[in-house]
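> Could you work out the structure for the sequence below:
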Amino acid sequence: LLNAAGTTLATVNVPNTGWWQTWQTATATVTLPAGQQTLRVLSSSADAWNFNWFELAAGSGGGTPTNQLPTVTAGIDQTITLPANSVQLGGSATDPDGTIAAYAWSKVSGPAEGSFNSTTGTNPTFSGLVQGTYTLKLTVTDNSGATASDDVVITVNPAVSTPPTGPATRIQAESWTAMSGVGTEGTSDAGGGLSVGWIDNQDWMDYSANLAQAGTYTVSFRVASPAASGQLQLRSSNGTILATVSVPNTGWWQTWQTVTATVTLPAGQQTLRVVSTHPDAWNFNWFELAPGAAISTRGLQEETEVVEEGSASIEAVEVFPNPVSDRFVLKVSSPLTGTMQVQVVDMNGSVAKQFNLQKLSAGTSQSYLSVQGLAKGEYLLRVQLGQWTRTVKLVKL
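Numbering: from 1, shown residues only. Okay, the predicted model is just below:
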């Protein structure tokens, strides 16, 4: 049997049937295209034979045609982050020699939570998901009963924690719930009232704090000391060290500076312990917890330093916390002294707030400033000391 191009499709032996009119059927398997075509039956042996008919039956050996499997895809893998907890699935299927009769979705693996709104369509919703990885299977059946399947993976990430926001929480040093070894005295710091003194190595004070949100906080300590090597630690109620802070030489027992650190705290009611961890003594007026990390603006300068000839260059300007909801600390490390003008400038170039500060000595100065009442948004904080100017970004919450 040849096709129109002369290609041999099958070669069949003609048996000895007994006589010219004694008939038998001989078979072979051929592969043929669809559509109109010409087939040639060619005698290819010297022995003669008679021919009554030939028949083309679909399928190997004249049986039922072989059913081709359907093709299925369960869709692309997806990743979501809580609190989003549902996905729309994108299944599809085709059958090369028939039609798709049924779709069936199932969960292969993953957390116990999660369910389909329908298991029989192409694009059901799978919802009620929790953190973890789910493998879902789509199985399809064609009109001849053949099945095929494909998997899709759904990854559910944990919720991204929202940084705490809101005003700072200030706790006066004399407002302890328990203490060991310390005493109180009047203070000449802004606001007056009492401060805590007679703080020796390993003396401690416990304070009660109630935080609305868990997260990262800037903790600021208002301290004074004529010594150079004081040190304190902030600890949790179970003794875990949350921060270790050096107490600088501020000049005298009632000359105050603010020192800061970054801590991570849980939400809710808790006890925080302030412990002296060095023989050099220090005085303590208050501490404050402000949402957000203490961020150095070192490297964020947007204006060129201009320093008088012979002067040492500015080392650093730092702002913390930043973003800020109310008060923040401006830290300037510089050998320069004199009047320091600080302007808060909005994005239109207008001065929204201005401070005039006195930097009395070379080295590091810390100023406690407030932007309460400013609208939320981004501002530029412009610091000018003599002929030197630097501008850094400040975010108001």
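> which intervals of this structure have sub-threshold pLDDT?
59-65, 160-163, 293-315, 387 (pLDDT under 70).
> Run a quick neighbour tally on the residue lying closest to Thr119 once chain neighbours are set aside.
Spatial nearest neighbour of Thr119, chain neighbours left out: Trp105 (4.5 Å); criterion: CB to CB, 6 or more residues apart in numbering. For glycine as for every other residue, the C-beta is placed from the backbone atoms N, C-alpha and C. Trp105: 20 surrounding residues under other CB atoms under 10 Å.
> after the helix or strand harbouring Trp105, next one along is what?
Here Trp105 sits within strand 100-109, counting by DSSP states H and E. The helix or strand immediately downstream of strand 100-109 is strand 115-116, counting by DSSP H and E.
> re the thing from before, what packs against the strand holding Trp105?
With contacts taken as 3 or more CB pairs under 8 Å, 6 or more residues apart in numbering; DSSP states H and E, strand 100-109 sits against strand 92-94, strand 132-142.
> gap between the first one and the chain center?
In this case it means strand 92-94. Its chain's C-alpha centre and that of strand 92-94 lie 35 Å apart, by CA atoms, centre = their mean, to the nearest Å.
> Give the pairing partners of that strand; include direction for each.
When sheet partners are counted by DSSP bridges, strand 92-94 sits next to strand 71-73 (antiparallel).
> buried sites along the strand it pairs with?
Within strand 71-73, the residues that count as buried by 16 or more other CB atoms under 10 Å are Val72, Thr73.
> Run through who's touching the very next helix or strand once past that strand.
From strand 71-73 onward toward the C-terminus, using DSSP H and E, the following helix or strand is strand 78-81. Defining contact as CB atoms under 8 Å, 6 or more residues apart in numbering, one finds that strand 78-81 is touched by Val87, Leu129, Val152, Val153, Ile154, Thr155, Val156, Asn157, Pro158, Ala159, Val160.
> 7 Å instead?
Val87, Ile154, Thr155, Val156, Asn157, Ala159, Val160 (CB atoms under 7 Å, 6 or more residues apart in numbering).
> Quick check, Val345 in contact with Leu380.
Yes. The pair Val345 and Leu380 qualifies as a contact (CB atoms under 7 Å) at a distance of 4.5 Å.
> ok, and what's touching the helix or strand in which Ser365 is found?
Element membership for Ser365, per DSSP H and E: strand 363-370. With contact meaning CB under 7 Å, 6+ apart, strand 363-370 is reached by 257-258, 326-333, 342, 355, 357, 359.
> Among these, name the buried ones.
For the contacts of strand 363-370, buried by 16+ other CB under 10 Å: Gln257, Thr258, Asp326, Arg327, Phe328, Val329, Leu330, Lys331, Val332, Val342, Leu357, Lys359.
> of the residues you listed, closest to Ile241?
Thr258 (20.7 Å; CB to CB).
> what's across from the closest one in the sheet?
Arg222.
> cool, the one 10 residues further on as well?
The partner list for Gly268 in beta bridges (DSSP bridges) reads Leu211.
> What is the neighbour count of it?
Residues near Gly268, counting by other CB under 10 Å, number 11.
> so how far is Ala243 from it?
19 Å (CB to CB, to the nearest Å).
> and what of Thr8?
For Thr8 relative to Ala243 (CB to CB), the value is 89 Å.
> So for these two, which residue has more residues nearby?
Using other CB under 10 Å, the more surrounded residue of Thr8 and Ala243 is Ala243, with 16 against 12.
> quick one: contacts for that one?
So Ala243 contacts Val219, Gln233, Leu234, Ala261, Val263 (CB under 7 Å, 6+ apart).
> what secondary structure does it sit in?
The local conformation at Ala243, judged by DSSP: H, G, I helix; E, B strand; the rest coil, is strand.
> Just give the nearest non-adjacent residue to it, would you?
That would be Ala261: by CB to CB, 6+ apart, it lies 3.8 Å from Ala243.
> What residues of the helix or strand harbouring that neighbour count as buried?
Taking DSSP H and E as the criterion, the element that holds Ala261 is strand 257-265. Within strand 257-265, the residues scored as buried using 16+ other CB under 10 Å are Gln257, Thr258, Val259, Thr260, Ala261, Thr262, Val263, Leu265.
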